[in-house]
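# Structure for the following, please:
(chains A and B)
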Amino acid sequence: MTGEGHMPTEIIVNGVRHAVDAEPEAPLLSVLRDDLELTGTKYGCGEGQCGACTVLIDGAPAHSCITRLASVAGKRITTIEGLAAGGRLHPVQEAFLHAGAMQCGYCTAGMIVASAGLLASNPNPSEAQIKQALEGNICRCGTYPRIVGAVRMAARSGGPHA
Amino acid sequence: MLDRREFLGTVGGGIVVLLVPEGAAAQQRDAAHNPFPPELEAWLHIDETGAVTVFTGKVEVGQGVRASLAQAVAEELRTPVAGVRLVMGDTALTPYDMGTFGSRSTPYMAPQLRKAGATARELLLDLAAEKWNADRATLVASGGAVADPKTAKVVSYGALAAGRKLVHTIPGEVALTPADRWKVLGTPLPKADATAIVTGALHYPSDMTRPGMLHGKIVRPASFGAKLASVDTSKAEAMPGVKVVRDGDFLGVIAPHPRLAARAAAAISAQWTEVPQPSNADLFEYLRHNMEATARPEVEQGSVEKALSEAEVKLTETYTVAYIAHCPLEPRAAVAEWNDGDVTAWTGSQRPFGVRSELAEEFGIPEQRVHVIVPDTGSGYGGKHSGEAAIEAARLSKAAGKPVKVVWTRQEEFTWAYFRPAGVIEIHSAATKAGAITSWEHLNINSGPAAIRHAYDIPNQRVTFQPARSPLRQGSYRSLAAAANTFARETHIDELAHAVGADPLEFRLANTKDERFRAVLRAAAERFGWGKQKGCGIAAGWDKGSYVATCAAVSIVDGKVRVDRVVEAFECGAIVNPDGLENQVTGAIIQGLGGALFEAIEFAKGRILNSRLARYRVPRQSDVPPIETVLLNRKDLPSAGAGETPIIGIAPAIGNAIFSATGTRLRSLPLKSTEPRP
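Next up is the predicted model:
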């Protein structure tokens, strides 16, 4: 894409293999948005502080804006576009809808992906654990209490987690 | 007046209702602008499928107006809210609108849209009566259809609109459904487009693309006011596909890929001639010494001089507020493209028509050659009134001859947008020993006049806003200066209550007869369990037709303030969307925690020193205490806006609670500026 003659890097995004022609140090966020046109993952700060860019890397939440492309070669990446399975929303997506856990919605993708990652490793987190897991995700509109409520709701629903 | 055939040509058939204020319909249309008369505020279209489309220049930035305005139309039109679509913030499709700010959508736009809905409903009843040759008075509009209970006939709005070409304006008097009979308004409605948001499918301004689009990056000056002295662009220009654009002090690059644009911009070596700039270390002295022409008092009554000279209890204190950043999670972004001398820009802004004017002025073209489209945007809070990114994208697009996208970095947003004004507020007051406030002098230097008037009954007053030359670029911020003026006033009221030995709640109630003000105070205090507990504070305010009272409980842990609990009562007339309202009120309290406790822009030598989220904390999960909201529903009062005023009570409530906990009075925002000890 940027024409500097690197070896393509293979990554698996939402179950699809991509050979990405980008510099190894390219931020994964930019690769997702600008090379693969997956714009559901958002830019908020570029310094790993706001969580708008959260994706799952082999199931674990990570800030894609400070993740270099080379570091995820061959790894499985899940973005907000890949959470729904078989035409059904992920339980966390359902819960965010049900709880109305958004205002402008710009942080929502990162919140949902981070929450899905939490529930995958801890299906029944306490409120304190939810807040701790989402401490790196900023909602500037201040929807935090509803977000915690949505994650608890998703946990109670006991559905399959990413 | 609008050419009706031309208008219908643009929308096809059906029924159109235009919102033209009374008396304006006869005025001449301004042919130079868009196909609408300049007075037109919004319009509504019902097509032959029954789909209802509302065209309004308001924008959705997270405040939920896409849902609440649809409710307003659905209520009066008697149609399911899901069938009402809003086209918003598009200067070619929607009539002129000043902007989405000042809590104006609910008190001004919503009633107008309700009138349009009611007018359309009455028209549909006329059409059905004519069709069936029935007694119009017996017909019922409901669920997107007209029914005749006598004959059990039903006809959908779509069938009534089919084959019609009707354009109506709202008649002078339209009866609106009173709040106690609302069925759609007053009920919770989820955010519009929520499914697209949770799946990542909603396209925000920074997600926009156009065929053949290139990417731009601006090379920013070293500091505010710096001039470009010399520049070496050779390394950037040697990069394949990169073009450098220089025009005076404007320096930008265009490239086929955003990462290449960023690399090219970084490869440019520019020397800037800087100019001396103040720093935040001497900010408040600077503001005092840089006041603009003498200000006229907003309120002047009785004699504060006489009252002070006769006072039993006197108090003089100074309060300050820092510059803070809006920090919308989506930074400024725009895509612009030129076609035959016309420019189109997609951008996130609270003022699409303001951005249109900025673009027209920048490029010396008439406004009808500029088209601005505002997709639903990743928040604003008053911080996106301007069109910088759109202008930058348009400049680069003009040079490239192709569409160009510009997305600001967080650092750019922190540095090159504008801030909530800093300010110095001086209050001189007097009271009787028995607790009646007798004199009030309030001088706000620089931060603004919003909510500088108050609800207390004080016979002698002088209340003044004094503009000053701000060292930083400043502008609107959620509630404007209402947060600053309310912080100073409600802190001072608390000080005065303690000076006369009165309970802060009782002191407030004793000094106001405003029933709405008293009602929120009582409601917040009751839910909170206001009493004699240590570490509790209360504050109240009023602005833009709504009232707020906030109680906070704090404790001091390791020398730091911890907010343990917040209760806020809020009253904005008849509640339109209780779910959206609760979300706005809670969100405002949480956003207000940042300005109360830790947000402050640091600057020196024309640079922002904390232009990163790692160095500028905004509220996070761990900052959020248990919050309870009490929403008072006054169905007998018109609905007021609710996006702003709920933010104004939290800072003084916390400050007053800190005093209660520690005996230390903090008079600066953020409140961390001194270290309270238990």
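# Identify the bridge partners of the closest residue to residue B:120 other than its chain neighbours.
Leaving out its chain neighbours, the residue that sits closest to residue B:120 by C-beta to C-beta, 6 or more residues apart in numbering or on different chains is residue B:17, at 4.9 Å. Just so you know, the C-beta spots here come from the backbone N, C-alpha and C atoms, and that holds for glycine as well. Using DSSP bridges, the beta-bridge partners of residue B:17 come out as residue B:44, residue B:168.
# what does the model give residue B:17 for pLDDT?
For residue B:17, the pLDDT comes out at 88.
# before we move on, what about residue B:511?
Per-residue pLDDT puts residue B:511 at 98.
# what's the spacing between it and residue B:505?
As defined by C-beta to C-beta, to the nearest Å, residue B:511 lies at a distance of 11 Å from residue B:505.
# got a list of what residue B:526 touches?
For residue B:526, the contact set (C-beta atoms under 8 Å, 6 or more residues apart in numbering or on different chains) is empty.
# A helix includes it, no?
Yes. Remark: residue B:526 belongs to a helix, assigned using DSSP: H, G, I helix; E, B strand; the rest coil.
# Now do the phi/psi pair for the residue of chain A found nearest chain B.
Per C-beta to the nearest C-beta, residue A:40 is where chain A lies closest to chain B, at 2.0 Å. Main-chain dihedrals, residue A:40, degrees, to the nearest 10: phi -70, psi -30.
# tell me the phi and psi of residue 88?
This is for chain A. The phi/psi pair for residue A:88 (degrees, to the nearest 10) reads phi -110, psi 140.
# Let me rephrase: I mean chain B.
Residue B:88 adopts backbone torsions of phi -130, psi 150, taken as degrees, to the nearest 10.
# swap in residue A:86?
Residue A:86 adopts backbone torsions of phi 60, psi 40, taken as degrees, to the nearest 10.
# Over to the one 3 residues further on?
The phi and psi torsions at residue A:89 (degrees, to the nearest 10) take the values phi -60, psi 150.
# Pull up the residues of the stretch 351-500 of chain B that are close to chain A.
Residues of the stretch 351-500 of chain B lying near chain A by C-beta under 8 Å from any C-beta of the partner chain: B:376-379, B:381, B:407, B:409-410.
# one more time with 6 Å
Residues of the stretch 351-500 of chain B lying close to chain A (C-beta under 6 Å from any C-beta of the partner chain) are B:378-379, B:409-410.
# what's the domain layout of chain B?
As assigned by automatic domain parsing, chain B contains the domains B:4-198, B:205-274+B:332-407, B:290-323+B:419-672.
# Out of these, which gets the lowest mean score?
Among the domains of chain B, domain B:4-198 scores lowest, with a mean of 88.
# centre of the chain versus that domain, how much separation?
24 Å (C-alpha atoms, centre = their mean, to the nearest Å).
# Spit out the contact partners of residue 144.
Defaulting to chain A. Contact partners of residue A:144, counting by C-beta atoms under 6 Å, 6 or more residues apart in numbering or on different chains, are B:621, B:624.
# wait, chain B
Per C-beta under 6 Å, 6+ apart, neighbours of residue B:144: B:50, B:79-80, B:83, B:157.
# Show me just the buried residues among those residues.
B:50, B:79, B:83, B:157 (16 or more other C-beta atoms under 10 Å in any protein chain shown).
# Spit out the contact partners of the most centrally placed residue in chain A.
Nearest to the mean C-alpha position of chain A, by C-alpha atoms, centre = their mean, lies residue A:55 at 2.8 Å. Listed by C-beta under 6 Å, 6+ apart, the contact set of residue A:55 reads A:41, A:64, A:77, A:79, A:113.
# Do you know the pLDDT at the third one?
Which is residue A:77. Per-residue pLDDT puts residue A:77 at 98.
# how close does residue B:397 sit to chain A?
18 Å (C-beta to the nearest C-beta, to the nearest Å).
# now do residue B:557
Residue B:557 sits 16 Å away from chain A when distances are taken as C-beta to the nearest C-beta.
# same question, residue B:656
To chain A, residue B:656 is 21 Å away according to C-beta to the nearest C-beta.
# just residue B:519 next, same as before
Counting by C-beta to the nearest C-beta - residue B:519 and chain A are separated by 25 Å.
# any idea what that residue is structurally, helix, strand or coil?
helix.
# Secondary structure and neighbour count for the residues of the stretch 351-500 of chain B next to chain A - can I get that in JSON lines?
Below are those laid out as JSON lines (DSSP: H, G, I helix; E, B strand; the rest coil; neighbours: other C-beta atoms under 10 Å in any protein chain shown):
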{"residue": "B:378", "secondary structure": "coil", "neighbour count": "29"}
{"residue": "B:379", "secondary structure": "coil", "neighbour count": "27"}
{"residue": "B:409", "secondary structure": "coil", "neighbour count": "21"}
{"residue": "B:410", "secondary structure": "helix", "neighbour count": "22"}
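# of those, closest to residue B:547?
Closest approach to residue B:547 among these (C-beta to C-beta): residue B:379, at 25.0 Å.
# Any idea what the residue lying closest to residue A:25 once chain neighbours are set aside is bridged to?
In this structure, residue A:25 finds its nearest non-sequential neighbour in residue A:68, 5.2 Å apart by C-beta to C-beta, 6+ apart. Beta-bridge pairing of residue A:68 under DSSP bridges involves residue A:27.
# Please apply the same query to residue B:443.
Beta-bridge pairing for residue B:443 (DSSP bridges): residue B:426, residue B:464.
# is it true that it touches residue B:427?
No. Between residue B:443 and residue B:427 there is no contact under C-beta atoms under 6 Å: 7.7 Å.
# still on that earlier bit, farthest-apart pair in the residues of the stretch 351-500 of chain B next to chain A, please.
The widest separation within these (C-beta to C-beta) is 16.8 Å, between B:379 and B:409.
# List the contacts of the closest residue in space to residue B:483 that isn't next to it in sequence.
Spatial nearest neighbour of residue B:483, chain neighbours left out: residue B:648 (4.8 Å); criterion: C-beta to C-beta, 6+ apart. When contacts are counted by C-beta under 6 Å, 6+ apart, residue B:648 touches B:479, B:482-483, B:486, B:541.
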